[in-house]
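Novice: Everything below, folded, please.
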Amino acid sequence: MKSLPRFLISIALGLGAVVGAIVILTRSLASQEPLYRGQPADFWADHLNPRGPGSSNEAAGVLRDLILPQLTRRILSDTNDSPSTLWLVEHLDQLPGIRVDFTGADARRVQAV
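Specialist: The predicted structure is shown next:
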C-alpha cells in the first residue's frame with residue numbers, strides 16, 4: 001500500500017521535470033534583442049541627437065565601440081543555425097500552447113544590416 005503514494009509522487013515529479021525542461025528550452029531558444037550597456041540599440045540611436053554633449057558623446061561611443069562591431073560580426077559570421085537547434089524549435093512549436101520566438105540566421109543577418 002505504501003508503494004502507490006510513492007508511485008504517484010514519482011509521476012508528479014517526473015511530469016514537473018518534463019514541463020520545467022520544456023519551459024527552460026522555450027525561453028533559452030527564443031530570440032532576444034541585444035542590449036548594449038543595458039539598453040537596446042534604438043535607445044542609443046535616439047540619444048545621438050544633441051540633448052547635451054555628454055549624452056550624445058556616450059551614445060556615439062557605444063555605437064562605435066559596441067553596436068557597430070557586433071552588427072558587423074553578425075553580418076559576416078552568423079551564417080548557420082545548429083541543426084539540433086532548428087529541430088528543437090520545430091518540435092517545441094508543435095506542442096500545444098508553446099510558441100518559440102526564434103529568428104533564423106538569415107533573418108538575424110538581415111536585421112543587422
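Novice: where does the protein dip in pLDDT?
Specialist: Within the chain, the ranges that satisfy pLDDT under 70 run 1, 50-55.
Novice: Kindly recompute the last result at 80.
Specialist: 1-2, 47-56 (pLDDT under 80).
Novice: The helix of greatest length in the chain: which residues count as buried?
Specialist: Secondary structure of the chain read by DSSP state H shows that its longest helix is helix 3-29. By neighbour count on 16 or more other Cβ atoms under 10 Å, the buried set for helix 3-29 is 25-26, 29. Every residue, glycine included, has its C-beta placed from N, CA and C.
Novice: which other helices and strands contact it?
Specialist: Applying 3 or more Cβ pairs under 8 Å, 6 or more residues apart in numbering; DSSP states H and E, one finds that helix 3-29 contacts helix 83-93.
Novice: can you give me the angle the helix it packs on makes with helix 3-29?
Specialist: 120 degrees (axes from the mean of the first three to the mean of the last three Cα atoms, to 10 degrees).
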